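Asker: Take this sequence and fold it.
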Amino acid sequence: MHPDRRKLLTLAVALSASRAFAQKPTKSSPAPWPRAASVPGGVARVPLGAGDAAPQAWLGEQRVLVMREREGWAAWVGIALAEKAGSVLTLTVQYPNNARAPRTIKVGAKSYASQRLKVQPDKVEVKAMAMLMEGGFGADIDFVAKELVKAGVSPSPDRRVFRTY
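Answerer: Coordinates of the predicted model:
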């Protein structure tokens with residue numbers, strides 16, 4: 001490649017990259033981080049204070065994300081969807097000087113959109129479905145499928161249950 005052409009290509013790439021980074025985000029641009037929401041299925045933001053070195057944080061045995069922010073450091077903690085509203089999670093923080101401090105996260109309430117379907121009773125095996133919903137078989141879905149087949153009900157691959165004729 002000719003040296004002048006190489007310089008021209010390098011300049012073009014640098015110029016286009018600088019324009020891409022110089023553009024201001026628009027209102028339609030997504031936020032760079034999730035919105036903090038200490039609710040089941042949400043993400044909690046826990047401020048950890050200022051400092052030069054990053055602290056480490058754990059929720060139980062699981063290490064959580066710690067990021068530098070303008071004010072200092074913050075931990076971002078995912079809250080399980082199964083977590084009950086009103087429960088309190090304890091975050092253990094270890095600072096660079098080896099000092100440990102607990103931080104608490106109070107889980108708030110949130111109601112998610114749900115869909116309810118009404119199915120005619122003759123289209124589904126109600127007894128087997130009731131046992132499945134009540135947890136009568138536990139978490140063993142293969143056992144549930146075998147029991148439903150014994151009862152004359154065929155579970156589909158997506159785990160919906162339909163009556164066989």
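Asker: what's the distance between residue 44 and residue 80?
Answerer: Summarising the geometry, the distance separating residue 44 from residue 80, computed by CB to CB, to the nearest Å, is 11 Å. Just so you know, the C-beta spots here come from the backbone N, C-alpha and C atoms, and that holds for glycine as well.
Asker: And the two? Which one has more around it.
Answerer: In terms of neighbours (other CB atoms under 10 Å), residue 44 is the more surrounded of residue 44 and residue 80; the figures are 23 against 12.
Asker: Contacts only, for the more buried one.
Answerer: The neighbours of residue 44, taking CB atoms under 8 Å, 6 or more residues apart in numbering as the test, are 36-38, 76-77, 79, 89, 105.
Asker: just residue 46 next, same as before
Answerer: For residue 46, the residues meeting the contact criterion (CB under 8 Å, 6+ apart) are 57, 74-77, 91, 103, 105.
Asker: Chain neighbours aside, what residue packs nearest to it?
Answerer: residue 75 (4.4 Å; CB to CB, 6 or more residues apart in numbering).
Asker: still on that earlier bit, overlap of the contact sets of residue 44 and residue 80?
Answerer: Common neighbours of residue 44 and residue 80, counting by CB under 8 Å, 6+ apart, are absent.
Asker: for residue 66, which residues make a bridge with it?
Answerer: Beta bridges link residue 66 to residue 75 when assigned by DSSP bridges.
Asker: Residue 150 versus that one, what's the distance?
Answerer: 52 Å.
Asker: And these two? Which one has more around it.
Answerer: When neighbours are counted by other CB under 10 Å, residue 66 and residue 150 differ, and residue 66 comes out ahead with 16 against 9.
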